[in-house]
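>>> model the following, please.
(one chain, ligands or ions: 1)
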Amino acid sequence: MAQVAMRESPGRSFMPAAFRNAGADALCMVAVLLLAALIIFLFGGAAMQRVVTYAAIMLTAVLGLQIFSGNSGIVSFGHAAFAGLGAYATGILTMPAALQRTALRDLPQFLAGYELSFFAALAMVLVLAIVIGLLTGTPLLRLTGSSASIATLAMLIIVYTLLVAGREITRGSQPFYGVPREVGLWTAVGIASVALVAARLFRETAFGLATRAAANDERGAAAVGVDQRTARLAAWVVGTVAAMAAGAMMAQFLGAFSPRDFYFDFGFTLLAMLIVGGMNSSLGAFTGVVVTIAVIEIVRRFEGGGEMFGLHLPVLFGLTQGVLAIAMILVIWRRPTGLFGERELNLLRRPGGRAIPASAQPPLHVEHDRLAADHLSRRYAGVVAVDDVTLAFDTDSITGIIGPNGAGKTTLLNMLAGDVEPSAGTVSIGGAVRAASAFRFARSGVARTFQNIRVFPAMTVLENVVVAARQVEPDLGQAEAAAMRELSRMGLEKSADQPAARLAYGQRRRLEVARALALKPRFLLLDEPAAGMNAVETAELVSILSAVRTERRIGVVLIEHDMRLVMNLCERIVVIDHGRVIADGTPAEVQNNPAVIAAYLGSRTARAKTASETTANETA
Ligand SMILES: Nc1ncnc2c1ncn2[C@@H]1O[C@H](COP(=O)(O)OP(=O)(O)OP(=O)(O)O)[C@@H](O)[C@H]1O
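Got it, this is the predicted structure:
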């Protein structure tokens with residue numbers, strides 16, 4: 001298979017801009033946390049110190065949830081279960097042997113008598129978390145969206161049931177007691193600080209970017225080479241590690257607990273904290289925990305009833321959870337993305353400008369290659385969208401695919417991009433037949449854009465392109481420079497730090513092309529790239545595409561209804577009608593082809609006929 005013969009120019013910086021920015025954010029949040037802990041340590045009483053310790057433990061658990069749910073968009077109830085597993089594992093590993101013999105008389109031999117220190121037990125729990133994360137995530141993340149959420153709920157119920165049923169190990173629904181209380185303010189705050197840094201940095205890693213891209217648009221992410229399942233699994237495992245670390249701390253903070261402490265109420269509290277603050281950012285998780293713990297502490301004073309402000313208050317059972325639920329509903333209603341929405345602090349990000357240099361050296365051209373369709377067909381319940389098409393596209397060429405509406409052009413392009421599985425026939429890249437898989441095709445050098453734009457609206461313009469660039473450039477700094485170069489080529493460099501959702505329609509179309517080019521493709525498939533653009537924007541696009549082709553010698557295949565664009569830009573035109581190729585030649589040849597004229601006239605006549613029939617029916 002031909003290799004892409006290009007490398008980015010060096011110019012490696014000490015740390016990529018995205019990590020520098022994330023690191024500064026994380027340090028700022030850690031500084032606030034440490035300062036709060038110091039103030040409470042110096043001036044707060046024992047009760048206040050316990051509140052902050054509890055808050056730090058909850059923050060670790062919520063960050064675990066944020067790493068998975070915030071990046072993948074899949075709400076998880078499973079992290080409460082992981083915290084429970086972490087707590088029981090720590091309890092068993094740290095309980096004094098003498099106490100264990102009385103409290104856990106039937107404990108299997110291989111689990112008995114460890115009597116580890118907290119940190120030794122934590123190390124073992126973290127290894128266990130990775131194993132549990134992989135074992136649960138691999139089957140569970142075959143599901144997406146609400147199905148995956150429901151599966152995490154089922155997991156919570158299963159873990160609870162196992163904890164209750166495994167009496168020899170957990171004492172069943174009886175309290176598990178006798179765990180040494182070694183976790184205090186500074187241990188909890190220290191571990192929460194590590195979790196904060198991990199959560200903030202994870203967003204910027206290849207896995208974090210890929211998970212967020214897939215949450216924004218699954219097909220768009222696959223088209224830039226994102227293997228969604230692996231990326232989500234990474235987020236799941238890292239989230240599991242944080243949740244189990246929180247559970248380990250909780251065990252040593254409480255000293256005694258039961259399975260109910262890690263069931264629905266706990267899972268709900270974690271979710272409420274995250275949703276109130278803003279699920280999609282570590283800043284949201286941080287503020288969500290602070291605000292929610294403050295609310296819980298205030299409301300808890302009223303829950304027990306008694307005399308207050310000269311009034312006798314009854315015992316209000318469940319008041320805390322009720323107020324949390326109302327707070328959650330209010331936030332979802334008024335600010336659906338939480339108090340902080342998608343926002344991170346972004347201390348080092350400058351709107352409107354960028355410190356990242358777009359690499360000056362343009363990429364070299366690609367080697368010759370061929371994308372071929374061999375007797376390709378696709379049927380949809382009675383409709384033959386593509387019917388036995390055999391075509392080949394070479395690098396260093398621009399081909400237009402035209403045809404009446406519903407002719408099968410997009411279906412053909414989808415199969416060429418590995419996005420739709422053919423009913424019959426094959427697609428090959430460089431002579432090698434490939435099974436349909438959009439992300440594998442993208443990684444093999446076939447990039448594409450969509451008829452209905454599929455950018456990642458909640459990510460910045462730069463991140464949109466970096467997701468693609470990272471598939472071919474593992475070094476984030478180099479990927480950022482390459483992404484900036486593609487953005488400059490499309491005239492979007494000034495919008496690099498804006499969310500893609502804020503771009504105008506024509507700019508989004510250009511962003512999609514920039515994103516596709518960042519994959520350094522050998523073939524670029526464009527589905528109606530000029531749709532919705534005005535004449536000036538279309539002319540710009542034409543000149544950009546011909547320049548890209550000249551510079552890189554890639555193969556461009558585009559579907560377009562704008563005949564002027566097709567005739568000006570393409571040296572070869574393929575005409576499709578009723579799923580079949582009816583003409584294939586130069587613009588001049590195709591324009592004079594009687595079959596083409598008949599197909600277009602036919603479709604126009606059919607449209608006119610339908611319109612007149614409709615009018616006649618309406619008049620009648
Ligand atoms: N997922 C699907 N399920 C069922 N039918 C489909 C599906 N995708 C396409 N079709 C049908 O296949 C035929 C070809 O559709 P396709 O979108 O490929 O045509 P097209 O030439 O791209 O049309 P247009 O120019 O309007 O975009 C149409 O009859 C369409 O209704």
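>>> now do the same contact list for the residue in the stretch 201-350 of the chain that the ligand sits nearest to.
Per Cβ to the nearest ligand atom, residue 219 is where the stretch 201-350 of the chain lies closest to the ligand, at 12.2 Å. Every C-beta, even on glycine, is put in place using the N, C-alpha and C of the backbone. Contacts for residue 219 were tallied using Cβ atoms under 8 Å, 6 or more residues apart in numbering; they are 419, 438, 450, 454.
>>> quick check: residue 392 touching residue 376?
No. Here residue 392 lies out of contact with residue 376, judged by Cβ atoms under 8 Å, at a distance of 11.4 Å.
>>> please say which of these two ends up with more neighbours.
Neighbour tally, residue 392 and residue 376, criterion other Cβ atoms under 10 Å: the higher count belongs to residue 376, 23 against 12.
>>> quick one: the helix or strand containing the more buried one to chain centroid distance?
Assigned by DSSP states H and E, residue 376 belongs to strand 370-380. Centroid separation for strand 370-380 versus its chain: 31 Å, with Cα atoms, centre = their mean, to the nearest Å.
>>> again, but for stretch 492-509
That offset, for stretch 492-509, works out to 19 Å (Cα atoms, centre = their mean).
>>> can you give me the strands in this protein?
For the chain, the strands defined by DSSP state E cover 306-308, 311-313, 370-380, 383-394, 397-402, 424-429, 432-434, 446-448, 523-527, 555-559, 572-577, 580-585.
>>> buried deepest among the ones you listed, which one?
Mean neighbours per residue, mean count of other Cβ atoms under 10 Å, is largest over those for strand 446-448, with a mean of 29.
>>> on that earlier part again, can you list the contacts of residue 219 in a markdown table and add neighbour count, distance to the ligand and pLDDT?
Formatted as a markdown table, these follow (neighbours: other Cβ atoms under 10 Å; distance: Cβ to the nearest ligand atom, whole Å; pLDDT from 0 to 100):
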| residue | neighbour count | distance to the ligand | pLDDT |
| --- | --- | --- | --- |
| 419 | 23 | 11 | 96 |
| 438 | 23 | 15 | 96 |
| 450 | 24 | 11 | 96 |
| 454 | 21 | 15 | 96 |
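>>> tell me which of those is nearest to residue 307?
If you rank those by distance to residue 307 using Cβ to Cβ, residue 454 comes first, at 61.2 Å.
>>> roughly how far does that closest one sit from residue 408?
Going from residue 454 to residue 408 by Cβ to Cβ, to the nearest Å gives 20 Å.
>>> then residue 505?
Separation of residue 505 from residue 408 (Cβ to Cβ): 26 Å.
>>> just to revisit the earlier point, and the strand holding residue 376 with the ligand, contact?
Yes. Judged by Cβ under 6 Å from any ligand atom, strand 370-380 comes into contact with the ligand through residue 380.
>>> tell me which other helices or strands that strand touches.
Where contact means 3 or more Cβ pairs under 8 Å, 6 or more residues apart in numbering; DSSP states H and E, strand 370-380 is packed against strand 383-394, helix 409-416, strand 424-429.
>>> could you name the helices and strands sitting against the second one?
Read that as helix 409-416. Under the contact criterion of 3+ Cβ pairs under 8 Å, 6+ apart, helix 409-416 touches strand 370-380, strand 383-394, strand 397-402, strand 523-527, strand 555-559.
>>> let's have these in JSON lines, adding mean pLDDT.
Converted to JSON lines, those look like this (pLDDT from 0 to 100):
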{"stretch": "strand 370-380", "mean pLDDT": "96"}
{"stretch": "strand 383-394", "mean pLDDT": "96"}
{"stretch": "strand 397-402", "mean pLDDT": "95"}
{"stretch": "strand 523-527", "mean pLDDT": "96"}
{"stretch": "strand 555-559", "mean pLDDT": "95"}
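>>> distance to residue 78 added to those strands, as TSV?
Converted to TSV, those look like this (distance: least, Cβ to Cβ, whole Å):
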stretch	distance to residue 78
strand 370-380	37
strand 383-394	40
strand 397-402	46
strand 523-527	38
strand 555-559	43
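>>> residue 51 is nearest to which of the ones you listed?
Within the helices and strands packed on helix 409-416, the stretch nearest residue 51 is strand 523-527; the backing value is 56.1 Å (Cβ to Cβ).
>>> pLDDT weak spots in the stretch 351-500 of the chain?
351-365 (pLDDT under 70).
>>> one step back: partner strands of the strand holding residue 376, with direction?
Strand 370-380 sits in its sheet next to strand 383-394 (antiparallel), strand 424-429 (antiparallel), going by DSSP bridges.
>>> residue numbers of the stretch 351-500 of the chain in contact with the ligand?
Neighbours of the ligand within the stretch 351-500 of the chain, by Cβ under 6 Å from any ligand atom: 380, 383, 385, 403, 405, 406, 407, 408, 409, 410, 411, 451.
>>> same thing but 5 Å
380, 383, 385, 405, 406, 407, 408, 409, 410, 411 (Cβ under 5 Å from any ligand atom).
>>> which of these has the most neighbours?
residue 409 (27 neighbours).
>>> wait, doesn't it sit right on residue 560?
No. Using Cβ under 8 Å, residue 409 is not in contact with residue 560; the gap is 9.3 Å.
>>> please enumerate the shared neighbours of those two.
Residues touching both residue 409 and residue 560 (Cβ under 8 Å, 6+ apart) are 401, 402.
>>> give the contact list for the nearest residue to residue 212 once chain neighbours are set aside.
Distance criterion Cβ to Cβ, 6 or more residues apart in numbering; nearest residue to residue 212, sequence neighbours excluded, is residue 71 at 5.2 Å. Contact partners of residue 71, counting by Cβ under 8 Å, 6+ apart, are 202, 203, 208, 211, 212, 215, 235, 280.
>>> how about a markdown table for the residues you listed, with distance to the ligand and pLDDT added?
Output for the contacts of residue 71, formatted as a markdown table (distance: Cβ to the nearest ligand atom, whole Å; pLDDT from 0 to 100):
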| residue | distance to the ligand | pLDDT |
| --- | --- | --- |
| 202 | 35 | 96 |
| 203 | 34 | 92 |
| 208 | 32 | 95 |
| 211 | 26 | 96 |
| 212 | 27 | 95 |
| 215 | 23 | 94 |
| 235 | 30 | 97 |
| 280 | 31 | 88 |
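>>> show me the domain layout of the chain.
Domain segmentation of the chain under automatic domain parsing yields 24-266, 370-616.
>>> mind checking how far the longest one is from the chain centre?
The chain centroid and the centroid of domain 370-616 are separated by 24 Å under Cα atoms, centre = their mean.
>>> and what of stretch 209-217?
3 Å.
>>> and the contacts of that stretch?
If you take Cβ under 8 Å, 6+ apart as the criterion, stretch 209-217 is touched by 71-74, 203, 220-222, 224, 226-228, 230-232, 234-235, 454-459, 463-464, 466-467, 470.
>>> so of the residues you listed, which ones are in helices?
Among the contacts of stretch 209-217, the ones falling in helices (DSSP state H) are 71-72, 220-222, 228, 230-232, 234-235, 463-464, 466-467, 470.
>>> any quick ChimeraX command for the buried ones out of those residues?
Buried residues within those, by 16 or more other Cβ atoms under 10 Å, are selected in ChimeraX with:
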select :71,72,220,221,222,228,231,232,234,235,463,464,466,467,470
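>>> looking at the ones in helices among the contacts of stretch 209-217, which is nearest residue 83?
Comparing these against residue 83 with Cβ to Cβ picks out residue 235 as the nearest, at 17.0 Å.
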